[in-house]
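> quick one, what's the 3D model for this:
(chains A and B)
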Amino acid sequence: MPSPFSSKGVTRLGQALRRRLRLGQGAVAGIPLLWLTLFFGLPFLIIARISLSEVVIGLPPYSDLLSWAEEGALQLRLNFANYMLLWQDSLYFDAFTNSLRIAATATLACLLIGYPMALGITRARENLRIPLLMLVILPFWTSFLIRIYAWIGILKGNGLINNFLLWLGVIDEPLALLHTDFAVYLGIVYAYLPFMVLPLYATLSRMDASLLEAAADLGCRPVCAFWRVTVPLSMPGIVAGSLLVFVPAVGEFVIPDLLGGPDSLMIGKVLWTEFFNNRDWPVAASVAVALLALLVVPVLLFERSREKEQDA
Amino acid sequence: MSARRPTLVFSLMAFGYAFLYVPIVSLIVYSFNESRLVTVWAGFSTKWYASLMHNDQLLGAAWVSLRIAVMNATLATILGTLAGTALVRFGRFRGRQALALMVGAPLVMPDVILGLASLLLFVAMEQLVGWPAGRGMTTITIAHVTFSMAYVAVIVQSRLVRLDPSLEEAALDLGARPWKVFFVITIPLIAPALAAGWLLAFTLSLDDLVIASFTSGPGASTLPMVVYSSVRLGVSPEINALASILVGLVTIGIVIAGVVMQRRAARAM
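So this is what the prediction gives:
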């Protein structure tokens, strides 16, 4: 098929709009760029700035970096104490490592559950595919908070699972399921599963079925064809899905707060507590900066996989 | 292909679907429970729906959320469409990298960071220019637009990439001005993507707890904020009833969308 685009996806309408817009200040690209710079880009500089200030009592509860010294000279005071605190207090360090571990494990579990689902949808009868996809998307459209809330009713001491197991006689007294790490894993996998299935389905459904036939003709058994043809070809979907689950899961707040216990400390919850309970905005900001630094590589990876997807 | 593996795949798939739906079904079942103890069945009752209708706090919060969601979805669709168009159609231009990065990053950025960042911006702006004065629905809406326009842009992008440009070119050849072509040809062609984007932005806003909590002020409690504070106190059958209504509405919407898509697919063949 010849490409419908003149070069690199630039259409004549695009060129014409651009030519015209050079006079009109490039409104099409300019307005969203301006909005995002102001409300998405700029705030990160402000976070970085506030993370270097000291907490004070007042509104807003942080000190100015620039102040007028007595002789009228401008004084710049940078306070690295917040970062020292993050490094030295094991609470923060543990919260970071905990978050990374929980997010990574949950991502793997999502992949293990989501891959057969995506594969199953692509192999299902044609008229079933859209309904099956819809069924994956439907929970995603219902309230996230309420889906997490549903697990409280299932996991708690006199919840569904415990009542069922007691009734079966498998256990004599209720298991502690709620407020454990297990509940947090479950919640993350449950909430983020659609984000794994959809990109996987997108790559798997584009795969050429004749490749599997060729593999079979060449004596490759289905299991071997799965590992040597299907999985490598679906790599872009695996990468995109894993990042879509992993990155937000690292900073997750609602799930560890509602399902987790005192031990399942995650960094998103620490940030929330610093901000809302301790009203320590500078420490909250430095937690955010550290979290961002941690996530920069995965976010850029995600960007690159998206760019590749666009070009494909 | 051997018959064994598809069976394995399909049973694993069934497990996945069961995992997705058991909590939702249990939520709905227990919303009709007589007892206040959510998980002890004590007979059928619709009393929690009735008491939900008299819960002014929840209803008020739902109204706040709804207004924010509509404003957000509309603004996010406009901005997201502009961003998506620029990224797909303009080739290389100055600021493209920045735009692409800022459109992509909110998709994966943790809520707590987006929320804190937006709040600190609003506080700093209030100090410097006096706007926005205080926080409330306006600040929540701005913060929501910032992240949900990214989703709209992605949807619009993927639609535009697959669009055959020959219709637009024909209109250009016939002498239509570029702006007119964009509004008369391009917009109708990408209308399904715009509708999907609007709905997604609407849902994202209606669903958000974390960013709204950071950027909200006194008197502007959204539905998730009220639900969250009541959930923290323990399970409540009223929340189950609310959840069931939401699930019902979404299901109806999805089924309609699904039927429309099936029909269109059938007509295309």
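> wait, what's in contact with whichever residue of the stretch 51-200 of chain B sits closest to chain A?
Residue of the stretch 51-200 of chain B nearest chain A, by Cβ to the nearest Cβ: residue B:110 (2.3 Å). No exception for glycine: its C-beta is placed from N, CA and C like everyone else's. Residues near residue B:110 by Cβ atoms under 8 Å, 6 or more residues apart in numbering or on different chains: A:247, A:248, A:250, A:251, A:252, A:253, A:268, A:291, A:295.
> closest to chain B out of these?
For the contacts of residue B:110, the nearest to chain B is residue A:251 (2.3 Å; Cβ to the nearest Cβ).
> still on that earlier bit, filter the contacts of residue B:110 down to the ones near chain B?
When the contacts of residue B:110 are filtered against chain B using Cβ under 8 Å from any Cβ of the partner chain, the residues retained are A:247, A:248, A:250, A:251, A:252, A:253, A:268, A:291, A:295.
> need the contact list for the third one.
It refers to residue A:250. Remark: with contacts taken as Cβ under 8 Å, 6+ apart, residue A:250 is in contact with A:99, A:100, A:103, A:266, A:267, A:268, A:291, A:294, A:295, B:110.
> now secondary structure too, for those, in a markdown table please.
Shown next, in a markdown table, are the contacts of residue A:250 (DSSP: H, G, I helix; E, B strand; the rest coil):
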| residue | secondary structure |
| --- | --- |
| A:99 | helix |
| A:100 | helix |
| A:103 | helix |
| A:266 | coil |
| A:267 | helix |
| A:268 | helix |
| A:291 | helix |
| A:294 | helix |
| A:295 | helix |
| B:110 | coil |
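> and the closest residue to residue B:35 other than its chain neighbours, helix, strand or coil?
Sequence neighbours aside, residue B:42 is the residue nearest to residue B:35 in space, at 3.6 Å (criterion: Cβ to Cβ, 6 or more residues apart in numbering or on different chains). Using three-state DSSP, the secondary structure recorded for residue B:42 is coil.
> name all residues that make contact with residue B:42.
When contacts are counted by Cβ under 8 Å, 6+ apart, residue B:42 is found next to B:33, B:34, B:35.
> in terms of contact, does the second one touch residue B:48 like I think?
No. Because the distance of 9.2 Å does not satisfy Cβ atoms under 8 Å, residue B:34 is recorded as not touching residue B:48.
> tell me if I'm right that residue A:48 and residue A:288 touch.
No. Between residue A:48 and residue A:288 there is no contact, the gap being 9.1 Å when judged by Cβ under 8 Å.
> looking at these two, which has the bigger crowd around it?
Taking residue A:48 and residue A:288 together and counting by other Cβ atoms under 10 Å in any protein chain shown, residue A:288 has the greater number of neighbours (30 against 14).
> now the strands: where do they sit in chain A?
Using DSSP state E, the strands found in chain A span residues A:66-68, A:74-76.
> any idea of the mean pLDDT in the last one?
Pointing back at strand A:74-76 there. When pLDDT is averaged along strand A:74-76, the result is 63.
> ok, the spatially most central residue of chain A - contacts?
Among the residues of chain A, residue A:248 comes closest to the average C-alpha position under Cα atoms, centre = their mean, at 2.3 Å. If a contact means Cβ under 8 Å, 6+ apart, then residue A:248 has A:192, B:108, B:109, B:110, B:111 as its contacts.
> before we move on, back to that, farthest pair in the contacts of residue A:250?
Pairwise distances across these peak at 13.6 Å for A:266 and A:295 (criterion: Cβ to Cβ).
> so for the two, which sits in the more crowded spot?
Ranked by neighbour count (other Cβ under 10 Å), residue A:266 and residue A:295 place residue A:266 first, with 28 against 22.
> confidence score at that one?
According to the per-residue confidence, residue A:266 scores 91 in pLDDT.
> which phi and psi does it have?
In terms of degrees, to the nearest 10, the main-chain angles of residue A:266 are phi -120, psi 160.
> which residues sit in contact with it?
In this structure, residue A:266 makes contact with A:95, A:98, A:99, A:102, A:184, A:250, A:252, A:253, A:256, A:260, judged by Cβ under 8 Å, 6+ apart.
> which ones are touching the first one?
Read it as residue A:95. Residue A:95 is in contact with A:265, A:266, A:267, A:269, A:270, counting by Cβ under 8 Å, 6+ apart.
> give me the distance from stretch A:121-133 to the chain's centre.
27 Å (Cα atoms, centre = their mean, to the nearest Å).
> same deal with stretch B:133-149?
Relative to its chain's centre, stretch B:133-149 lies at 14 Å (Cα atoms, centre = their mean).
> for it, list every residue counted as buried.
Taking 16 or more other Cβ atoms under 10 Å in any protein chain shown as the basis for neighbour counts, the residues of stretch B:133-149 that come out buried are B:135-149.
> and stretch A:210-229, by the same measure?
By neighbour count with 16+ other Cβ under 10 Å, stretch A:210-229 contains the buried residues A:212, A:215, A:216, A:220, A:222, A:225, A:226, A:229.
> burial measure for residue A:208, as a count.
Around residue A:208 there are 10 other residues, counting by other Cβ under 10 Å.
> does residue A:61 touch residue A:281 like I think?
Yes. Contact between residue A:61 and residue A:281 holds when scored by Cβ under 8 Å: they sit 5.4 Å apart.
> overlap of the contact sets of these two?
The overlap between the contact sets of residue A:61 and residue A:281 (Cβ under 8 Å, 6+ apart) consists of residue A:55.
> follow-up on the earlier one: export the ones next to chain B among the contacts of residue B:110 to a markdown table and append columns for distance to residue A:159.
Formatted as a markdown table, the entries for the ones next to chain B among the contacts of residue B:110 read as follows, by distance: Cβ to Cβ, whole Å:
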| residue | distance to residue A:159 |
| --- | --- |
| A:247 | 31 |
| A:248 | 27 |
| A:250 | 28 |
| A:251 | 28 |
| A:252 | 22 |
| A:253 | 23 |
| A:268 | 25 |
| A:291 | 32 |
| A:295 | 34 |
